[in-house]
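Asks: following is a predicted model, sequence given first.
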Amino acid sequence: MSVWDSTRICNLPPVKKLLTILAISLIGWQLAAQHEKVLPPQIGTGISLGGQITLEGYTIGFEQVVEDSRCPTNVDCVWAGQAVVKVSIGSPDGTHQQKELSFKAGYQDKKQFPIIVTTEGFSIRALALKPYPEDPGVPMEYKLVVARVGGDQ
């Protein structure tokens, strides 16, 4: 007779039945957790306002903070706000363009971060505008955090 025979489990006293079912559930949960894919942390590069970097042959310039209406951490707000920045992009083929990128509250997934450049093998995304405001009206030294996403990193 198998240990997993349903008649043996059904004939157990209620407490042992509950513990058996709980143990089987925990083992199943633990086995399922071992198969979850854990993504490595995304490492970005900071660009100071007015500065530029070259990443994968693209020159990314942090030109301007167009808007920063993000709710400061020391304030209760009705709206979370957003930040909008302007970047310049120089491509390896010599073309240049400008883009405005918006940062809205609640980004969770790297697919939601604003795209600066996209190619077949990877994209360059803006991960954050740092620092996050703490008090209203305090001038800040902004940094735009960007990273290469996708392909074999």
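Replies: That came through, no problem.
Asks: under the pLDDT cut-off, which ranges of this structure? List them.
Replies: 1-13, 28-42, 106-111, 151-153 (pLDDT under 70).
Asks: can you give me the strands for this structure?
Replies: 45-48, 52-55, 58-68, 82-90, 96-104, 115-118, 123-130, 143-149 (DSSP state E).
Asks: got those as CSV, with mean neighbour count columns?
Replies: Every C-beta, even on glycine, is put in place using the N, C-alpha and C of the backbone. Below are the strands of the chain laid out as CSV (neighbours: other CB atoms under 10 Å):
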stretch, mean neighbour count
strand 45-48, 16
strand 52-55, 14
strand 58-68, 17
strand 82-90, 18
strand 96-104, 14
strand 115-118, 16
strand 123-130, 20
strand 143-149, 21
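Asks: what domains does the record give for the protein?
Replies: 1-37, 45-149 (automatic domain parsing).
Asks: would you agree Gln98 is in contact with Glu63?
Replies: Yes - applying CB atoms under 8 Å, one finds Gln98 in contact with Glu63, separated by 7.0 Å.
Asks: shared neighbours of the two, anything?
Replies: Lys86, Val87, Ser88 (CB atoms under 8 Å, 6 or more residues apart in numbering).
Asks: and for the last one, nearest residue in space, chain neighbours not counted?
Replies: It refers to Ser88. Closest residue in space to Ser88, ignoring its immediate chain neighbours: Gly61 at 3.9 Å, by CB to CB, 6 or more residues apart in numbering.
Asks: same question, the second one
Replies: In this structure, Val87 finds its nearest non-sequential neighbour in Lys99, 5.5 Å apart by CB to CB, 6+ apart.
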